[in-house]
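Participant: Structure, please.
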Amino acid sequence: MFFFALLGMMALYYGYRLFALTPWYDELYTYYWFISKGPVYAAIHWPLPNNHVGYSVLSACLNYLGNSYIGLRGISYLCALANICLLYKIGKRYLKGWYPLITVILYISMNLVNQLAVQGRGYTMGITCLLTAWQCMIWICEEKGTAKKVYVLYAGALILGLYGVSSNVYWVVPLCLAGGFFLLIQSREQGKKEGIFFLKTEKGKKLIHLIFASAAAALGTVFLYGVIWLAIGSNLLMKEEGSGYYGMTHINIIGKAPFAALSRGMKYMLDTPYIQSEERAGFGGRLWEWLKTLSGYYFNGLSVLVMLLWGAGILLLGFWIIRSIKRKEHTRLLLDLTLFIGIIMVPVCLLIQCKRPYYRVFTYGGVYLGLLLGVMLDRLERSVGEKGKLSGRQRLLSQVMLLLAVFIGIKCLGFSGYNDQYGTREHEIQDAFSKTDMTRWKNICVTDCNQEYLLYFLYGIRCENREIEGTEVVLLDKRMTEPDFDEMVWEFYHRYDTIPWNYIEQNMMPVYENNDYILYTIKEEQSKNEK
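Facilitator: Numbering: from 1, shown residues only. Just a heads-up that it's a prediction; the model follows:
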């Protein structure tokens, strides 16, 4: 009852955020260039490394409903609610009492999780893929007679996770390893007990099937990205005069030289990585600071406490894993392996790669942190019971932890940073546009890319006109009006020197001004409105 009440509250809260928060640049770019152009276009175009292809394809299908907010964020909204259900289901399998609910409350209270819950990007969908694959792995590893459809669902979740956000490889590999190690341990023990080769045991056969499902997921991901590489490669080859394919169509190039197009597209993607490698000298110190900052993004201002929880969790999980293997008690071994490998692999991989990705890539870490806290609290209560304490004390401890989790959730979601607009300037552009009826203007000028993308997102107007002279309405960033402002702002289409001030002074007048923008409309039209 409490869980469904919480789910209903979060459905309303996420629904409010879906429509109330103005999309920021990454969302607008994704909608303008991919989602709005349909699922087929979104599936074969990848001009920038941060395009979440799989998310764009699904969102493009939802965009046919005719509402841009639902088209952009509807998939994230559905996934955010699905994540609550999946996390609760996994928690219920391993934790008792209130602790599954406590885990969910702590998870949804995390700033990074909350901020990205309904954004029009693929991070929330990636968490859905993680939890789906994890649940499938539980069925495969811990239950008898696993159906083939479970392996198919497992592979599909991995494929969609990588197709949605390629950086999800940081959880895909550890998850596969955790399932593999668990089945290997169990199959070897079963083989010794039955006196047969471990791969011939039930668990051994499941290990083989899991390896094949993981390999199939890898091949499926390569195929989907191969389609993108073919599209990119053929497009580049047809534009290169010295390539021998100059002027040919995409279809002709792919038909006559598929491998040339494939290799050219792959090379382009690898030459423009999303996250650049860094110098190895001093990287350990920079990575430590990066980890502390990331920990602070889960719970604002509590980076030190979260780091201590990570450290204590790794030590405890390692101890529990060794104890489970020695005692041959595997009730919670899969959970411990998944959490331990999932947590420890992140700093290890980053040290090897010498990279510090964007923090939002690790939004899925909220799942590990929430479950880790739930597991630690649950086993603390179990240890109290093992020492012969009264069951009433156990219930009291559980109830106190629930109240504390609820308090943390209310406190966190009450922070201003949790509910602020994603981008201040995008919100102010929307505010300025709302002061006039943009749909009735015949000649509009856009002076930066955010205006261009928002104009289409809000009103369905694709405007590529950047010439101010002769226009009826123009919105200027206040920095453009300052002669001495010379900083490089890549969003700008205009600067002070390129703005025809004589035309504006003679033909236009300011009708609205907020903190960052001034809205001008043509004088004749303004005069008619006043009359």
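
Participant: and residue 83, what does it touch?
Facilitator: By Cβ atoms under 8 Å, 6 or more residues apart in numbering, the contact set of residue 83 is 107, 124, 127-128, 131, 367. (C-beta placed from N, C-alpha, C; glycine too.)

Participant: Turn those residues into CSV, columns for neighbour count.
Facilitator: Shown next, in CSV, are these (neighbours: other Cβ atoms under 10 Å):
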residue, neighbour count
107, 27
124, 28
127, 28
128, 25
131, 22
367, 24
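
Participant: Reformat those residues as a markdown table; add secondary structure and distance to residue 424.
Facilitator: Converted to a markdown table, those look like this (DSSP: H, G, I helix; E, B strand; the rest coil; distance: Cβ to Cβ, whole Å):
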| residue | secondary structure | distance to residue 424 |
| --- | --- | --- |
| 107 | helix | 28 |
| 124 | helix | 23 |
| 127 | helix | 27 |
| 128 | helix | 30 |
| 131 | helix | 33 |
| 367 | helix | 30 |
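
Participant: Next, give me the two most distant ones among those residues.
Facilitator: Farthest apart among those by Cβ to Cβ are 107 and 128. That separation is 13.1 Å.

Participant: before we move on, the earlier item: and of the contacts of residue 83, the nearest to residue 456?
Facilitator: For the contacts of residue 83, the nearest to residue 456 is residue 124 (23.6 Å; Cβ to Cβ).

Participant: Please report how far that closest one lies from residue 174.
Facilitator: Residue 124 sits 19 Å away from residue 174 when distances are taken as Cβ to Cβ, to the nearest Å.

Participant: again, but for residue 251
Facilitator: Residue 251 is 41 Å from residue 174, by Cβ to Cβ.

Participant: Which one of the two is surrounded by more residues?
Facilitator: residue 174 (23 against 9; other Cβ atoms under 10 Å).

Participant: for that one, what are its contacts?
Facilitator: Residue 174 touches 338, 341-342, 345, counting by Cβ under 8 Å, 6+ apart.

Participant: Return the closest of those residues with respect to residue 435.
Facilitator: residue 342 (48.9 Å).

Participant: And for the helix or strand harbouring residue 259, what's in contact with it?
Facilitator: Using DSSP states H and E, residue 259 falls within helix 258-271. Residues from elsewhere that reach helix 258-271, judged by Cβ under 8 Å, 6+ apart: 46, 49, 225-226, 228-234, 236-237, 245, 253-254.

Participant: By residue count, what's the longest helix in the chain?
Facilitator: helix 202-239 (DSSP state H).

Participant: give me the low-pLDDT residue ranges for the stretch 401-531 of the chain?
Facilitator: Counting by pLDDT under 70, the ranges of the stretch 401-531 of the chain that qualify are 401-402, 409-417, 525-531.

Participant: mind listing the strands in it by residue range?
Facilitator: Remark: strands assigned in the stretch 401-531 of the chain by DSSP state E, counting those that start in this stretch are 444-445, 473-477, 508-513, 517-522.

Participant: Identify all contacting residues around the first one.
Facilitator: If you take Cβ under 8 Å, 6+ apart as the criterion, strand 444-445 is touched by 438, 455, 461, 463, 465-468, 471-474.

Participant: Most neighbours among those, please name it.
Facilitator: Ranking the contacts of strand 444-445 using other Cβ under 10 Å puts residue 474 first, with 25 neighbours.

Participant: Tell me where the model's unsure across this structure.
Facilitator: If you take pLDDT under 70 as the line, the chain has these spans: 47-50, 384-399, 401-402, 409-417, 525-531.

Participant: contacting residues around the most centrally placed residue in the chain?
Facilitator: By Cα atoms, centre = their mean, the chain has its centre lying nearest to residue 123, at 1.0 Å. For residue 123, the contact set (Cβ under 8 Å, 6+ apart) comprises 116, 165, 360-361, 363-364.

Participant: Show me how the protein divides into domains.
Facilitator: Following the assignment in automatic domain parsing, the chain carries domains at 2-418, 424-530.

Participant: Looking at the strands of the stretch 401-531 of the chain, which one is packed in the most?
Facilitator: Ranked by mean neighbour count under mean count of other Cβ atoms under 10 Å, the strands of the stretch 401-531 of the chain are led by strand 473-477, which reaches a mean of 24.
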